[in-house]
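> Test case, fold it:
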Amino acid sequence: LNQAGNQPRERDYAYVGSFYAFAIWIGLGVLFVKDLFQQGIKNGRTAGLAAGITCLLLVPVLMASQEWDDHDRSRKVLARDLAKDYLESCAPNAILISFGDNDTYPLWYAQEVEGIRPDIRVVNSSLLGTDWYINQLRYKVNNSDPVDPIWRKDQIEGSNRDIIYYAPRQGVDPNQYMDLYKMMKDFAGSDDPSNMEQTRDGNMISVFPTKKVSIPVDAELVRKNGTVNPTDSIVDEIRFEIPKTVLYKNDAAILNIIASNKWKRPIYFTSPYGELGFSSFLRQDGMTYRLVPVANGDVNADWCYDKMMKQFAFGNADKPGVYFDEENRRHLNSIRLQYAQAAGYLADMGRKEEAKKMLDKCDKMMLEENFPYGMVSRNQQHNQISLQLMYAAYRAGDTELANKISKSLRKDMEQQAAYYQTLQDERRDILSFEEDRNQNLLRGLLGMEQQFKAPQPAVNESPTQIQTAPSRDTP
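This is a model prediction of the structure:
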């Protein structure tokens, strides 16, 4: 009955069979306690009564004393606050593409129940693989305008265009960039047999004839509607290469949304989405990443500073005694990472005082007793993100915060190193990659401390770029 590993959250329905068995034993236990009470009352035996009362109280008292903080959700509002941070990071009438349940459900709740930013169209990338969900894009929802998916309803009905294959076509140079709208409408969305591929069994399948695509940019429009900043250098067209030979329906739907939008509405993603090749044109706008016709835009500094200093919420992480489980910590780390990236960018621009204010806010709104800087996690993600925040603090000149983070990180990493050394060889070999990763991060931490305490010639390497893992025997 054990659940498979790497689950994103508790899934009690996976244990339904065990619930039946457990319920039977609970029933037998109730009968036993009932007998103890009856015997004690009938015979006047205090021992029986005491045993019955102990049975009634022992389990709930034990469970409450050990598990109350884990299960007390009276002050846990991180899901709503995370959704608020995503939504408030977006410009008006935006399209926000999310990934997975844990991003999407909070967004739906925030909009539908609390009325937060109903002007934004939330689009779940997983559901874009279904015809009914794509068709919902054609309608106005709340205060958000319809979205054009390019293809007609009948073209996506059922399994139609579930998979679109890369296949060069006669007359199309695969080395030339093709307008994305033209490719999705006239080839991937075409019903003309000459623009399709015939399989061995005679069926016609949809194709895209080139991986090199472009999106023309109307410079006047993108400046007027705020897609770019006045100081941005705008490219004439976005050019990227699709890194796939097969597009699934949800992949194609995302490309259709982008192609048909023609820069009229802001398009955001809840993560730096790189699966379709345009990640270099995604710019951090707070918690979200906006598609912009600016190469290597990195961080929208003024926008981030305004939203992250005035609008962001932290799920009560600044309140003492609020418990955050692993999944909560993963999302708090997402917020911490955005502060690290935005503050580091401001520091590199010479805006160190603003960077310090952002770092100070992040530190104060996430109490270390609730959310330590150093902590064991899957793939050492927790410590990697804290290391980036420490790096940003050093660049901003906030040595007090950098030292605070360093102390917590070093303690956890050294404890992990000591733990690995206690393992038997067979078990240690199994965990060798994790041990090497921890050792590598510790070396990066020590190197960073040395760099900023005793300045060395500048290096173009951030903590996330440290790749070479040392030997486990390296001290």
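
> Regarding the chain, what is its longest helix?
helix 16-43 (DSSP state H).

> how about that one: buried residues?
33, 36, 37, 39, 40 (16 or more other Cβ atoms under 10 Å). The way it works is simple: take the backbone N, C-alpha and C, and place the C-beta from them, glycine included.

> packing partners for that helix?
Packing partners of helix 16-43 (3 or more Cβ pairs under 8 Å, 6 or more residues apart in numbering; DSSP states H and E): helix 46-71.

> Distance check, the closest residue in space to residue 162 that isn't next to it in sequence against residue 134.
Excluding the flanking residues, the one nearest residue 162 by Cβ to Cβ, 6 or more residues apart in numbering is residue 249, at 5.1 Å. Per Cβ to Cβ, to the nearest Å, residue 249 is found 8 Å from residue 134.

> Can you pull the residues that touch both of those two?
Common neighbours of residue 249 and residue 134, using Cβ atoms under 8 Å, 6 or more residues apart in numbering, are 128, 156.

> So between those two, which is more surrounded?
Between residue 249 and residue 134, counting by other Cβ atoms under 10 Å, residue 134 is the more crowded of the two (25 against 21).

> give me the element the more buried one is part of.
According to DSSP states H and E, residue 134 maps onto helix 131-136.

> Pick out the residue closest to the middle of the protein.
residue 271 (5.7 Å; Cα atoms, centre = their mean).

> isn't it right up against residue 289?
Yes - proximity of residue 271 to residue 289 meets the contact threshold set by Cβ atoms under 8 Å, at 6.9 Å.

> Is the closest residue in space to residue 272 that isn't next to it in sequence in a helix, a strand, or coil?
Excluding the flanking residues, the one nearest residue 272 by Cβ to Cβ, 6+ apart is residue 289, at 5.1 Å. When classified by DSSP: H, G, I helix; E, B strand; the rest coil, residue 289 comes out as strand.

> Mind checking what secondary structure the residue nearest to the centre of the chain has?
With three-state DSSP as the criterion, residue 271 reads coil.

> Starting from residue 167, give me the distance back to it.
For residue 271, the distance to residue 167 - Cβ to Cβ - is 30 Å.

> same thing with residue 414?
To residue 167, residue 414 is 55 Å away according to Cβ to Cβ.

> thinking again about what came up before, give the contact list for the residue nearest to the centre of the chain.
99, 289.

> phi, psi of it?
Main-chain torsions, residue 271, degrees, to the nearest 10: phi -150, psi 160.

> Give me the distance between it and residue 282.
Residue 271 is 9 Å from residue 282, by Cβ to Cβ.

> One more: residue 325?
30 Å.

> residue ranges of the strands in the stretch 51-200 of the chain, please?
95-98, 121-124, 163-166, 178-179, 196-198 (DSSP state E, counting those that start in this stretch).

> do the same with the stretch 201-350 of the chain
So, for the stretch 201-350 of the chain - with DSSP E, counting those that start in this stretch - the strands run 204-208, 212-216, 237-241, 246-248, 267-269, 282-285, 288-291.

> quick one on the thing from earlier: for the residue nearest to residue 272, the count of nearby residues, please.
24.

> Could you do the one 10 residues further on as well?
Counted with other Cβ under 10 Å, the burial measure for residue 299 works out to 21 neighbours.

> Return the residues in contact with the closest residue to it other than its chain neighbours.
Spatial nearest neighbour of residue 299, excluding adjacent residues (Cβ to Cβ, 6+ apart): residue 345 at 4.0 Å. Contacts for residue 345 (Cβ under 8 Å, 6+ apart) come out as 298, 299, 301, 304.

> are any of those residues buried, and which?
For the contacts of residue 345, buried by 16+ other Cβ under 10 Å: 299, 301, 304.

> So which of those residues are in helices?
Using DSSP H, the buried ones among the contacts of residue 345 in helices are 301, 304.

> need the buried ones among the contacts of residue 345 in CSV with distance to residue 397, can you?
Converted to CSV, these look like this (distance: Cβ to Cβ, whole Å):
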residue, distance to residue 397
299, 19
301, 17
304, 19
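
> Out of the buried ones among the contacts of residue 345, flag the one nearest to residue 22.
Nearest to residue 22 among those, counting by Cβ to Cβ, is residue 304 at 49.5 Å.

> Would you mind confirming that the closest one is in contact with residue 284?
Yes - with contacts counted by Cβ under 8 Å, residue 304 reaches residue 284, the gap being 6.4 Å.

> so where's this structure uncertain?
Residue ranges of the chain with pLDDT under 70: 1-3, 8-10, 44-49, 51-52, 454-475.

> What about the closest residue to residue 256 other than its chain neighbours, how many residues nearby?
Sequence neighbours aside, residue 150 is the residue nearest to residue 256 in space, at 4.3 Å (criterion: Cβ to Cβ, 6+ apart). For residue 150, the count of nearby residues is 19 (other Cβ under 10 Å).

> what residues are up against residue 150?
Residue 150 touches 181, 184, 185, 189, 256, 259, 260, counting by Cβ under 8 Å, 6+ apart.

> mind redoing it with 10 Å?
Residue 150 makes contacts with 134, 156, 181, 184-185, 188-189, 252-253, 255-257, 259-260, as judged by Cβ atoms under 10 Å, 6 or more residues apart in numbering.

> Distance to residue 28 added to the residues you listed, as CSV?
Output for the contacts of residue 150, formatted as CSV (distance: Cβ to Cβ, whole Å):
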residue, distance to residue 28
134, 53
156, 55
181, 68
184, 63
185, 67
188, 62
189, 63
252, 57
253, 54
255, 59
256, 59
257, 57
259, 64
260, 63
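
> So which of these is the closest to residue 242?
residue 255 (8.0 Å).

> thinking the closest one is in contact with residue 267, fair?
No - judged on Cβ atoms under 10 Å, residue 255 makes no contact with residue 267 at a distance of 11.4 Å.

> Now residue 260. Nearest residue, chain neighbours left out?
Nearest to residue 260 is residue 148, by Cβ to Cβ, 6+ apart, at 4.0 Å.

> what's the spacing between the residue nearest to the centre of the chain and residue 11?
For residue 271, the distance to residue 11 (Cβ to Cβ) stands at 23 Å.

> Kindly report the same for residue 426.
From residue 426 across to residue 11, the span is 32 Å (Cβ to Cβ).

> And these two? Which one has more around it.
Of the pair residue 426 and residue 11, residue 11 is the one with more neighbours under other Cβ under 10 Å, namely 10 against 7.

> Can you give me the distance of that one to residue 116?
In terms of Cβ to Cβ, residue 11 sits 27 Å off from residue 116.

> do the same with residue 395
33 Å.

> ditto for residue 34
With distances taken as Cβ to Cβ, residue 34 is found 51 Å from residue 116.
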